[in-house]
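# turn this into a model:
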Amino acid sequence: MRSFRTSLSVAAVALAISLAGCSTAATNSTSTGTTGTSTTTTTTQQAVTAATIEEDTHYDSDDLTWDTAAEVAISLSDGGSKVTSSSSTGVAVDGNTVTISAAGTYRLSGSLSDGQIVVAAGESDTVRIILDGVDLGNSSGSPFVVQSADEAIVYLEDGSTNTLTDATTYADQGEDAPNAALYSMADLTIAGTGSLTVNGKSNDGIVSKDGLVLAAGKVTVDAVDDGIRGKDYTVLLDGAYQVTAGGDGVKADNDTDEGRGWLLVSGGSLTVNAGDDGVKAFNTLTVSGGTVTVAESEEGLEAQHIAITGGDVAVTAHDDGVNASGGSSTSGDTGAAAGGMGGPGGGGEMAAGDYTVDISGGTLTINSEGDGLDSNGNATISGGTVVVNGPTNDGNGALDVNGELTVTGGTVAAAGSAGMAVTPGTSSTQSGVQLTFNSSVSAGTPVHIVDSSGAVVATFVTTKTIASLVFSSSAVTDGEIYTVYTGGSADAKAGVTTGSIEGAEEQGTVTAGQYTQAQGPGGGGGRW
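Numbering: from 1, shown residues only. The predicted structure follows:
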C-alpha cells in the first residue's frame, strides 16, 4: 500500500456521488473495530452511474447531431489553409495557425506538419469540430488547443483517420500553458465513429482542465506521461480506447474541489499500459459496464472509493491491483512496509480510514505482485465475481483490508502467499473456506473444493504458484466440512470454473467459516 493522501470528507464523497448521477445522497455510519489498533469508518454509498450523466455533467447527446448545411469547412495545408465553405464567420487563418472564435460546427480536413488549431470562443459557446481526415503536428507545442469555450466537441467522422502529434519540448512552459497533444481549458467531449491517434511526445496525450466525456470513437493514445486526463471528472460512455502512458493511464485528478475528481466507465472498452497507475481518480472510481483491461501498471485501479457494479475488469500490476487509498505511487512500496493486516473483526497494523472498495456486480480479475485487492479502509463484496492471482511473497497479500472485509454475496477466489492472509470479517453473511498449503501449488494446477456428498462445489485454477486460497460463494454452507483436492482436471485454464477430481490428490479437509488471520507462513485455515 501507499502513503495516505489528504482524504476527502464524507460530505465531499456524498457530493461526488450526487454529481455523478445518483438520486440519493450517501449515508454514513461509524463503527470501531476491536482487532489490533484499527479504527473502522464505514461509508455507505451508491455507485456513480450513467443514468443521469446528461444532468450532472456537461454532456448532452443532442450536441452530437447538427445541421450539416451550417457546417464551416476548413481545408488544412502547410501555408495554404483556408475556409472552403461559403461561410467563414469565426475562423481566422494566420500562417499555419487556424483560430476558431465563435460557436458553431467546423469540419476540418487535410494536414499541417507544423501548425495549430486554436479554439478561442466565448464562455457560453459550444464549438463542434469534426475531424475528417486530419493530420496535425507541431514543433514547439500542442497542435490542438481549446483556450476558451463552454464546451468543445471533437467529433471523429465515420471512416476517417486522424492524428495529433505534439512537440518533444514545448516553448511555453508556463503553469497554465498547454502540455498535451489535445489540450482543453473547457469541458471536452470526444465522439463519432472514426479513429484518432494521439502522440503525446512531451508530456500528456489528451487533457481537459474541466470535465471530460469519452462518448465514442476509436482512440489510440501514446504519451510520455499521462495518457488521458480529466480534472473534474472523466467518463467513458462508449468507444474503444487504447492508452500507452509512461505515467498514469486514465485519470480524474481534481483534488481541491469537493465532489470532483471522479471517474466512471459505463461502456465501451479501455485498454491501458501504464508506467504508473492504470486507471485513477482522486475521489470515486466506478466501473458499471464495458471492459477495462489494465495490461501493465504499478497499481491497476486507484481511488479513495472504488466501486464495481458491472462490466469486466482485468488488472495486471507490479504493485497493488485494486487500491483504495490516496497519494502517489512508488514502485518500492510493499504491504509489509505500509500495510497491515485486516481481520475478521477489523483492521490490523494501520488504522482504517475513509477508503472503500465496493463490488456488487461484474467480474474483476487481478494479477498483482503486491497486494491484490487492497483497501486502507473497508471492503464489501455483495455480487459479481472476484478472482485474485496475488503475490508470491509473504510481505503482501491477495486481500489486504485495514478495516473489515464484508462478503454478503458473489464469488471470491483470492490466491497468493500465506504470510498476510486476510479473510471475510464477522459482518459477512456468506460463508467461505480458507486453505493454506504446506507445499506450494504450481500455476495451472486445479484446486477442487468438494462437499460431503462428493460433489465438486468449486474448481479454481491459479495462474501463479500459490500457498493459500480464500474462497467464498453461495455454494459454501457455513459449518460444513469440505475436502480439498489438487490436480484432476478443469474446464478452464484459469479462474473459477468447473472440474473433475478424477486423478486428483486429496489434501485434507476444512470447515467453512473457520478462518485464521494473518499468522505468517503456514498459518491459517485448513493446513496441509
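# which pLDDT value belongs to residue 420?
We have a pLDDT of 82 for residue 420.
# touching, it and residue 396? I think so.
Yes. Between residue 420 and residue 396 there is a contact under C-beta atoms under 8 Å: 6.3 Å. Every C-beta, even on glycine, is put in place using the N, C-alpha and C of the backbone.
# more neighbours, these two?
The residue with more neighbours, out of residue 420 and residue 396 and counting by other C-beta atoms under 10 Å, is residue 420; that gives 30 against 27.
# which residues touch residue 222?
Residue 222 makes contacts with 197-200, 205, 244-245, as judged by C-beta atoms under 8 Å, 6 or more residues apart in numbering.
# let's see it at 6 Å
199, 244 (C-beta atoms under 6 Å, 6 or more residues apart in numbering).
# now it: which helix or strand?
Using DSSP states H and E, residue 222 sits within strand 218-223.
# nearest residue to residue 275 in space, please, no chain neighbours.
Excluding the flanking residues, the one nearest residue 275 by C-beta to C-beta, 6 or more residues apart in numbering is residue 246, at 4.4 Å.
# and the one you found, what does it touch?
Contact partners of residue 246, counting by C-beta under 6 Å, 6+ apart, are 224-225, 275.
# what do you get if the cut-off is 7 Å, keeping everything else the same?
Applying C-beta atoms under 7 Å, 6 or more residues apart in numbering, we find residue 246 in contact with 223-225, 275.
# and of those residues, the nearest to residue 362?
Set against residue 362, the nearest of these by C-beta to C-beta is residue 275 (26.4 Å).
# the closest one contacts residue 249, correct?
No. The criterion here is C-beta atoms under 7 Å, and residue 275 misses it with residue 249 at 8.9 Å.
# as a check, name the ranges of all helices in the stretch 1-150 of the chain.
Assigned by DSSP state H, counting those that start in this stretch, the stretch 1-150 of the chain shows helices spanning 10-19, 53-56.
# if we can go back for a sec, and the residue nearest to residue 275, how close does it get to residue 227?
9 Å (C-beta to C-beta, to the nearest Å).
# residue 187 is in contact with residue 210, correct?
Yes. Counting by C-beta under 7 Å, residue 210 touches residue 187, with 4.6 Å between them.
# which one of these two has more residues nearby?
Set residue 210 next to residue 187 and count neighbours by other C-beta under 10 Å: residue 187 wins out with 25 against 21.
# state the pLDDT value of residue 57.
If you check residue 57, the pLDDT there is 92.
# which one (most neighbours) among the contacts of residue 246?
Ranked by neighbour count (other C-beta under 10 Å), these have residue 223 at the top, with 30 neighbours.
# how near is that one to residue 238?
Distance from residue 223 to residue 238, counting by C-beta to C-beta: 22 Å.
# for residue 131, same thing?
Residue 131 sits at a distance of 18 Å from residue 238 (criterion: C-beta to C-beta).
# swap in residue 471?
Applying C-beta to C-beta, the value for residue 471 to residue 238 is 35 Å.
# okay, these two: which has more neighbours?
Between residue 471 and residue 238, counting by other C-beta under 10 Å, residue 471 is the more crowded of the two (25 against 18).
# for the more buried one, phi and psi?
phi -130, psi 130 (degrees, to the nearest 10).
# list the contacts for it?
412-413, 432-433, 449, 458, 460.
# before we move on, what about residue 60?
Counted by C-beta under 7 Å, 6+ apart, residue 60 has contacts residue 54.
# repeat that for 10 Å
The neighbourhood of residue 60, defined by C-beta atoms under 10 Å, 6 or more residues apart in numbering, consists of 53-54, 126, 151, 153, 189, 213.
# any regions of this structure where pLDDT drops low?
The chain contains residues with pLDDT under 70 at 1-50, 327-350, 517-528.
# measure the residue sitting furthest away from the middle of it to residue 419 for me?
Distance from the C-alpha centroid of the chain, by C-alpha atoms, centre = their mean, peaks at residue 86 (45.7 Å). The gap separating residue 86 from residue 419 is 73 Å, by C-beta to C-beta.
# would you list every one of the helices in the stretch 151-300 of the chain?
With DSSP H, counting those that start in this stretch, there are no helices along the stretch 151-300 of the chain.
# just the stretch 301-450 of the chain next, same as before
Assigned by DSSP H, counting those that start in this stretch, the helices in the stretch 301-450 of the chain fall at 335-338.
# can you give me the strands in it?
Listed in chain order, the strands of the stretch 301-450 of the chain (DSSP state E, counting those that start in this stretch) span residues 301-303, 305-308, 312-317, 322-324, 356-368, 373-375, 378-389, 399-401, 405-407, 411-416, 432-441, 446-450.
# ok, which of those comes nearest residue 271?
Residue 271 lies closest, by C-beta to C-beta, to one member of the strands of the stretch 301-450 of the chain: strand 312-317, at 9.6 Å.
# in its sheet, what does that closest one sit against?
Here strand 312-317 is paired, per DSSP bridges, with strand 291-296 (parallel), strand 356-368 (parallel).
# before we move on, back to that, could you dump the strands of the stretch 301-450 of the chain to a markdown table with distance to residue 280 and mean neighbour count?
Putting the strands of the stretch 301-450 of the chain into a markdown table (distance: least, C-beta to C-beta, whole Å; neighbours: other C-beta atoms under 10 Å) gives the following:
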| stretch | distance to residue 280 | mean neighbour count |
| --- | --- | --- |
| strand 301-303 | 5 | 30 |
| strand 305-308 | 10 | 27 |
| strand 312-317 | 12 | 23 |
| strand 322-324 | 9 | 31 |
| strand 356-368 | 14 | 24 |
| strand 373-375 | 14 | 33 |
| strand 378-389 | 18 | 24 |
| strand 399-401 | 18 | 31 |
| strand 405-407 | 23 | 25 |
| strand 411-416 | 23 | 27 |
| strand 432-441 | 30 | 21 |
| strand 446-450 | 33 | 24 |
